[in-house]
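Visitor: A predicted structure for the sequence below; I have some questions about it.
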Amino acid sequence: DAKTTQPPSMDCAEGRAANLPCNHSTISGNEYVYWYRQIHSQGPQYIIHGLKNNETNEMASLIITEDRKSSTLILPHATLRDTAVYYCIVLQNQAGTALIFGKGTTLSVSS
Amino acid sequence: GAVVSQHPSWVICKSGTSVKIECRSLDFQATTMFWYRQFPKQSLMLMATSNEGSKATYEQGVEKDKFLINHASLTLSTLTVTSAHPEDSSFYICSARMAGGSYEQYFGPGTRLTVT
C-alpha cells in the first residue's frame, strides 16, 4: 500500500474550518484514500473515504487533487470535540486488506 | 449502525495468567475482523487478521501461540493473551468489516490490559 505523509500537529480555533493535508504521491490507481480519527483512549472512528472525486458527508469533506497525489480533509466548523489524532490511509478495497496506521496529525481545537 | 463492542473495557491480571478479550459486531455480520494494539503515545499496530471459520493471519513479529485468535461466528472474535507478562500491557483494539460491499472498518472502543 502507498505511504502517506501528514504534518505531526495542527492547531485550529473553535468555529473555524480545519484543513488537514495528506501527501500520497505514490498512490496507485485502485487505491482509495481513507480518513479516520482517534480521540484519546478510544477506538478510531471512520470519517470519510474517496477514490478520485471529492466527497462530503455529515462529518467532513474530502478534496482529492486531480493527480491524486495529495488530499485535504476539511472539518467545516471545528469544535473542541474534534480534538483528536487524524489518520490518512490509502488502501486497496480488497477482502482481507487491513488499515495500516501511520503517525497521523494531532489536531488541537481551542476556544 | 455499524457498532462494534469489546469486553472487557479494561482488565488487570497477574503475570503468567491468560486473558480473553471479546470483540462483537452488534448490528452487522463481519466476515473479517482485525486486531490491533497500541502502546502509549504510539500509533495502532496491526497484530492479525481473522476470517470467520478459518485460522488468523498474524503480522510479522506477533507470536501466534501467545496471542490466540478465534473467529467462530460472523459476529464474534476473541483474542486470548496467554501467559501474560508486563510487556503485554497495552491498549487492544478490534475492528470489523461488513460482509459484502462496503470496505470500511468499524472499530471497537478498545480494551486496556495491565499485567502486574
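Guide: Received, thanks. Numbers count the residues shown, from 1 in each chain, chains lettered A, B, ... in the order given.

Visitor: how about the strands in chain B?
Guide: B:4-7, B:10-13, B:19-25, B:30-38, B:45-51, B:57-58, B:67-73, B:76-81, B:90-98, B:105-107, B:111-115 (DSSP state E).

Visitor: which other helices and strands does the first one contact?
Guide: To tie it back to what came earlier, the one meant is strand B:4-7. strand B:19-25, strand B:90-98 (3 or more CB pairs under 8 Å, 6 or more residues apart in numbering or on different chains; DSSP states H and E). (Each C-beta comes from the backbone N, C-alpha and C, glycine too.)

Visitor: looking at these, which is closest to chain A?
Guide: Checking these against chain A by CB to the nearest CB gives strand B:90-98 as the closest, at 5.0 Å.

Visitor: got the angle for that closest one vs strand B:76-81?
Guide: 160 degrees (axes from the mean of the first three to the mean of the last three CA atoms, to 10 degrees).

Visitor: and strand B:90-98, what does it pack onto?
Guide: strand B:4-7, strand B:19-25, strand B:30-38, strand B:76-81, strand B:105-107, strand B:111-115.

Visitor: tabulate those strands in a markdown table, adding columns for mean neighbour count, distance to residue B:65 and mean pLDDT.
Guide: Output for the helices and strands packed on strand B:90-98, formatted as a markdown table (neighbours: other CB atoms under 10 Å in any protein chain shown; distance: least, CB to CB, whole Å; pLDDT from 0 to 100):
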| stretch | mean neighbour count | distance to residue B:65 | mean pLDDT |
| --- | --- | --- | --- |
| strand B:4-7 | 18 | 23 | 97 |
| strand B:19-25 | 20 | 15 | 96 |
| strand B:30-38 | 24 | 15 | 93 |
| strand B:76-81 | 21 | 11 | 96 |
| strand B:105-107 | 24 | 26 | 92 |
| strand B:111-115 | 19 | 17 | 97 |
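
Visitor: I'd like the strands of chain B laid out as a markdown table, including distance to residue A:63.
Guide: As requested, the strands of chain B are exported to a markdown table (distance: least, CB to CB, whole Å):
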| stretch | distance to residue A:63 |
| --- | --- |
| strand B:4-7 | 29 |
| strand B:10-13 | 39 |
| strand B:19-25 | 31 |
| strand B:30-38 | 28 |
| strand B:45-51 | 28 |
| strand B:57-58 | 35 |
| strand B:67-73 | 37 |
| strand B:76-81 | 36 |
| strand B:90-98 | 26 |
| strand B:105-107 | 23 |
| strand B:111-115 | 36 |
